[in-house]
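Enquirer: Got a predicted structure plus its sequence, pasted below:
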Amino acid sequence: EAEVAQSPRYKITEKSQAVAFWCDPISGHATLYWYRQILGQGPELLVQFQDESVVDDSQLPKDRFSAERLKGVDSTLKIQPAELGDSAMYLCASSLQGLAGTETQYFGPGTRLLVL
Amino acid sequence: AQSVTQPDIHITVSEGASLELRCNYSYGATPYLFWYVQSPGQGLQLLLKYFSGDTLVQGIKGFEAEFKRSQSSFNLRKPSVHWSDAAEYFCAVGRNTGFQKLVFGTGTRLLVSP
């Protein structure tokens, strides 16, 4: 069964350092999502790609976060500089077309970030 | 804008007992509703989803959910809980136009006692 891959699974960094997370969606999925999940809360959408284009980054803190999906396949989420409040689980998900409706989003295992 | 409320932070159920997790949503149009489950340290897995038709929806692992428009609710149920069901459960609401955007509740952690 195809899965969404993410790496690394865990990352510990010091504040003010740069970190990057990688996501490889299910093959053929046009839509890729990055979510942030703070401990004790539900996932919150950071950015959504349709192929290589950003369709929603309204919740992305653009002063320190950036995301790219250059060839419309895998994606990288970067934080520079990291702050203590960025400690969270970063989840990647993908779906076939990303159109509103009952389309299923498939989630990867996540990257747990700890900023010291 | 969509919003979801899951009023129970934790629920403890004895193995073999029935389960009901509550979810209330807010959305101005006909909602798309989802339940996801998250095991510790893992990503989310879809249990079931609803848009229209029969208001009782069957999902994987023996779960079902009932949509009640008059109560703006989409509660998740299981007749007999197994120890492996211990996890965190998230309700989500999606919009019905444009690109899909899910808004998740804060989750309910299910503990199963022997």
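Expert: Here it is on my side, so go on.

Enquirer: how about B:Lys61, phi and psi?
Expert: Phi and psi for B:Lys61, reported as degrees, to the nearest 10, are phi 60, psi 20.

Enquirer: And for B:Arg69?
Expert: Torsion angles, degrees, to the nearest 10, at B:Arg69: phi -60, psi -40.

Enquirer: Now it: closest residue in space that isn't a chain neighbour?
Expert: Spatial nearest neighbour of B:Arg69, chain neighbours left out: B:Thr55 (8.0 Å); criterion: C-beta to C-beta, 6 or more residues apart in numbering or on different chains. All C-beta spots, glycine's among them, are computed from the backbone N, C-alpha and C.

Enquirer: How about the contacts made by the nearest residue to A:Val4 once chain neighbours are set aside?
Expert: Nearest non-adjacent residue to A:Val4, counting by C-beta to C-beta, 6+ apart: A:Gly108, 3.6 Å away. Contact partners of A:Gly108, counting by C-beta atoms under 8 Å, 6 or more residues apart in numbering or on different chains, are A:Glu3, A:Val4, A:Ala5, A:Gln6, A:Cys23, A:Leu91, A:Cys92, A:Ala93, B:Gly43.

Enquirer: So which of those sit within strands?
Expert: A:Ala5, A:Gln6, A:Cys23, A:Leu91, A:Cys92, A:Ala93 (DSSP state E).

Enquirer: Of these, which ones also sit close to chain B?
Expert: Counting by C-beta under 8 Å from any C-beta of the partner chain, A:Leu91, A:Ala93 from these sit close to chain B.

Enquirer: just the buried members of the ones in strands among the contacts of A:Gly108?
Expert: A:Gln6, A:Cys23, A:Leu91, A:Cys92, A:Ala93 (16 or more other C-beta atoms under 10 Å in any protein chain shown).

Enquirer: Take these and write them to JSON lines, including pLDDT.
Expert: Listed next are these as JSON lines, based on pLDDT from 0 to 100:
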{"residue": "A:Gln6", "pLDDT": "97"}
{"residue": "A:Cys23", "pLDDT": "98"}
{"residue": "A:Leu91", "pLDDT": "96"}
{"residue": "A:Cys92", "pLDDT": "97"}
{"residue": "A:Ala93", "pLDDT": "95"}
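
Enquirer: Tell me the secondary structure at the most centrally placed residue in chain A.
Expert: Centroid-nearest residue in chain A: A:Trp34, 2.7 Å away (criterion: C-alpha atoms, centre = their mean). Three-state call for A:Trp34 (DSSP: H, G, I helix; E, B strand; the rest coil): strand.

Enquirer: ok, and the closest non-adjacent residue to the residue nearest in space to the middle of chain B?
Expert: Compute the mean C-alpha point of chain B, and by C-alpha atoms, centre = their mean the closest residue is B:Trp35, 3.5 Å away. Counting by C-beta to C-beta, 6+ apart, B:Trp35 lies nearest to B:Leu47, which is 4.4 Å off, once chain neighbours are set aside.

Enquirer: Can you name the next helix or strand after the helix or strand hosting that neighbour?
Expert: In this assignment (DSSP states H and E), B:Leu47 forms part of strand B:44-50. As assigned by DSSP H and E, the chain's next helix or strand after strand B:44-50 is strand B:56-58.

Enquirer: what does the average pLDDT come to for that following strand?
Expert: Averaging pLDDT along strand B:56-58 yields 95.

Enquirer: What lies in contact with the next helix or strand after that strand?
Expert: Sequence-wise, the next helix or strand downstream of strand B:56-58 (DSSP H and E) is strand B:64-68. For strand B:64-68, the external contacting residues (C-beta under 8 Å, 6+ apart) are B:33, B:35, B:47-48, B:50, B:55-59, B:73-78.
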